[in-house]
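**Student:** Need coordinates for the following:
(chains A, B, C and D)
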Number of protein chains: 2
Amino acid sequence: MRLSKRERQKKLKLSLEAEPFLTDEEMARRFGVSIQTIRLDRMELGIPELRGRIKHMAEKNFDGVRSLYPEEVIGQVTELKLDHSGVSELEIREEHVFARHRVARGHHLFAQANSLAVAVVDAEVVLTATASIRFVRPVRLGEKCVAVARVTKVTSNRTQVDIQTFVEDEVVFQGVFDVYRSKEDQ
Amino acid sequence: MRLSKRERQKKLKLSLEAEPFLTDEEMARRFGVSIQTIRLDRMELGIPELRGRIKHMAEKNFDGVRSLYPEEVIGQVTELKLDHSGVSELEIREEHVFARHRVARGHHLFAQANSLAVAVVDAEVVLTATASIRFVRPVRLGEKCVAVARVTKVTSNRTQVDIQTFVEDEVVFQGVFDVYRSKEDQ
DNA sequence: CCACATGTTAGTACCAAGTACTAAATCAGT
DNA sequence: ACTGATTTAGTACTTGGTACTAACATGTGG
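**Tutor:** You can find the predicted model right below:
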């Protein structure tokens, strides 16, 4: 007997944590036992079959990850009057702060403001051209940032958007975004 | 005929984007056609079978997501002379661009620059205070952004960092970051 | 009105990666 | 040598398909 049952099951569990895409067949080959043995092991350990594992992984980050990073807008837009004003909310969570001192990394506040600035402008193509920003005070884990946007100037192909971000009644961030816009082509 | 072929295929595609876990059987039921029709549709549209879709999703964020967002530094820092200069590289991928026109969202370029500005300053606590930035030209999917930082001024508790980001030899982003720093406490 | 094209359905054989179950073989230790 | 645990073999069945063939339906142009 190459390995005791206990040992094999322990290794099996570890292997599957590291490589969840292994089939029973492959595992049987690796441990030099029959496929049935592997299946009995999985039964005893309560480990679901390959397809179940894969599906579980896919489900887990279907409505997790989807909205984590690739959001079109960072933060939740709560009010929006195109070419006029808008409001967006963002709660500062673990993933937004420096592990060290739990203060939000600046680019998240910027991302919220930038997203809102872009969202508030009504055009086919909207891109930020320039921005001047100020981080008034550090924002900490758990605080809710409310960004308020107001369109302040509109020229032929540029729109200026002023943004102020609040925690409660306190301004924590402010910025002036100069946004380029165009219709359709190019 | 309930729906034209084109219509059905269009809806099929949209349905699967929203609910990738649908089986052919379920789709056939929903559209009131045979399972074979659905399969022909998938063939024509180049949509893989359920298991393929699920597996793809699971794989994508098995060694993808883990390091996607919670990076301390956005981009890969390749050179770093503390309180002097630094270089960071960021390849623009799917998750960085607008789905529409494949142009990188501004806050990613900002995040790269901001991370680098903070990384280059040698202190216990480093926070961005103000920044003035300019998106010189749009950056597209697949382009590699190289951000170059240079410390230009140091006062008692502030450091000024100038950043230029290049794609090949072309400047695509530039910014001046005024960074607050302090030792140890609060 | 016939013919041919396009679209749809039916049906078969086959596959991967299993479950569920039965039965036989092997081993370990007393 | 016998007993109980462990391992292996083998069969039937399942899901959600692929790949392929053949028939049927519905037009649409000539």
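
**Student:** got the buried residues for the strand or helix carrying A:Lys11?
**Tutor:** Assigned by DSSP states H and E, A:Lys11 falls within helix A:5-18. Going by neighbour count (16 or more other C-beta atoms under 10 Å in any protein chain shown), the buried part of helix A:5-18 is A:Arg8, A:Gln9, A:Leu12, A:Leu16. To be clear about C-beta, it is placed using only N, CA and C from the backbone, and glycine gets the same treatment.

**Student:** Look up how far A:Ser4 lies from the residue nearest to A:Leu12 when sequence neighbours are not counted.
**Tutor:** Spatially, and ignoring its direct neighbours in sequence, A:Leu12 is nearest to A:Asp41 (5.5 Å; C-beta to C-beta, 6 or more residues apart in numbering or on different chains). Using C-beta to C-beta, to the nearest Å, A:Asp41 is found at 12 Å from A:Ser4.

**Student:** More neighbours: the two, which one.
**Tutor:** More crowded of A:Asp41 and A:Ser4, by other C-beta atoms under 10 Å in any protein chain shown: A:Asp41, with 21 against 9.

**Student:** Now the more buried one: which helix or strand?
**Tutor:** helix A:35-45.

**Student:** and that helix with helix A:5-18, angle?
**Tutor:** 80 degrees (axes from the mean of the first three to the mean of the last three C-alpha atoms, to 10 degrees).

**Student:** Adjacent strands (with direction) for the lengthiest strand in chain A?
**Tutor:** Using DSSP state E, we find that the single longest strand of chain A is strand A:170-182. Strand pairing for strand A:170-182, using DSSP bridges, gives strand A:125-135 (antiparallel), strand A:158-167 (antiparallel).

**Student:** With just CA atoms, put the first one into CSV.
**Tutor:** To tie it back to what came earlier, the one meant is strand A:125-135. What follows is strand A:125-135 as a C-alpha-only set of coordinates in CSV (Å, rounded to 0.1, in the frame of the first residue of the first chain):
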residue,chain,number,x,y,z
VAL,A,125,-18.3,59.1,-26.8
VAL,A,126,-17.2,60.7,-23.5
LEU,A,127,-13.6,60.8,-22.3
THR,A,128,-11.9,62.7,-19.5
ALA,A,129,-9.4,65.2,-20.9
THR,A,130,-8.0,67.0,-17.8
ALA,A,131,-8.8,67.0,-14.2
SER,A,132,-7.7,69.0,-11.2
ILE,A,133,-8.4,67.3,-7.9
ARG,A,134,-7.9,67.7,-4.2
PHE,A,135,-8.1,65.1,-1.5
